[in-house]
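# Return atomic coordinates for the entry below.
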Amino acid sequence: MRKILDGVRVLDLTRVLAGPWATQNLADFGAEVIKVERPGHGDDTRKWGPPFLCDREGRETADAAYYLACNRGKKSVTLDLKHAEAQEIVRKLAGDADNLVARALARRAVRESLVLLKNDNNLLPLTKGRKVLVTGPAADSLMSLNNGWSYVWQGDRANLYPKDRPTILSALRAKLGESNVAYVPGAALEKEINITEAVNAARDADIAVVCLGEGAYAETPGNLTRSPRV
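Numbering: from 1, shown residues only. Below you'll find the model as predicted:
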C-alpha cells in the first residue's frame, strides 16, 4: 500500500527526543529518513537504558529501548562534522533531500499555529521613541528561552549559555535603544520581588511587555528502572 510520503527523502540532523520522534513520524508515513549520527557514539539515547532490546535468546543488546522508540524506520549514517569531507557529504545529502526537517517542521508550525493577538492602533511593530517597560520572570533569562535538552541537559545553569545570545530584554534594548526600555522584574519564577513597582512603572510606560515562563528542567539521566522480563 502506498503511503502519503512515499518518495520523499528527509535529512535528519536531530538528536535525543523531540527531533528524532518527529522524523520517526515522517518515516512511518513513508518518507526515507536518513539520520546522521556521531562516529563511535551515535545518538546519545542509544545508551540510555535499561531497558535494552533483547535478542532471540533473551540477552540484552547495546540498543536502548529509548533510542528505538524514537528512530524506527530510519536509515543511519555516521559522520564527524568537524571534518570538511563530512560537511560536504551532509551538503550533498541536503541537496538531494526533499526538505530539511527543521524547515519542514517550521512551515508546519506556522500553518497550524493560532496567534491570539489584537493589534489595536497599530501598536506593532514597536518603534523607537516609545517608552517600553519589560517585566516578568522570563524577561532577562536565556533558560526560559531554551530550557532543557538545549545547550545543557537540565537547562538550569545560566552560566553555560552563550554570552552573545540575547534575552528578550537585551534584544528589545538593542532594537529600541537602552534608554527607551525600562526593566522591573516584578517577580522571579518562584517568588515575588517588586510587583507594586512593576505596576507603577507600567502606568508610566507607553507599552508593557510582560514575559512569563517556567523553570528549565529535563528528566534525570538514568531514571529508567529495569523492568522485569515477562
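# how about the helices in the chain?
18-28, 65-68, 84-96, 101-112, 142-146, 168-176, 195-204 (DSSP state H).
# Nearest to H41, out of those?
Comparing those by their distance to H41 (CB to CB), the top pick is helix 65-68, with 11.9 Å. Every C-beta, even on glycine, is put in place using the N, C-alpha and C of the backbone.
# Between the helices of the chain, which has the poorest mean confidence score?
Set side by side, these show their lowest mean pLDDT on helix 101-112, which sits at a mean of 64.
# In a markdown table, list the helices of the chain along with distance to N122 and mean neighbour count.
Output for those, formatted as a markdown table (distance: least, CB to CB, whole Å; neighbours: other CB atoms under 10 Å):
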| stretch | distance to N122 | mean neighbour count |
| --- | --- | --- |
| helix 18-28 | 36 | 18 |
| helix 65-68 | 49 | 19 |
| helix 84-96 | 40 | 12 |
| helix 101-112 | 22 | 12 |
| helix 142-146 | 27 | 20 |
| helix 168-176 | 16 | 17 |
| helix 195-204 | 20 | 14 |
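# Relative to L189, which of those helices is closest?
Taking CB to CB as the measure, the helices of the chain were each checked against L189, and helix 142-146 came out nearest at 8.2 Å.
# What's the local residue count around the closest residue to L26 other than its chain neighbours?
Spatial nearest neighbour of L26, chain neighbours left out: V10 (5.4 Å); criterion: CB to CB, 6 or more residues apart in numbering. Applying the criterion other CB atoms under 10 Å, we find 21 residues in the vicinity of V10.
# from what I can see V10 touches V36, true?
No - look at V10 against V36 with CB atoms under 8 Å: they stay out of range, at 11.4 Å.
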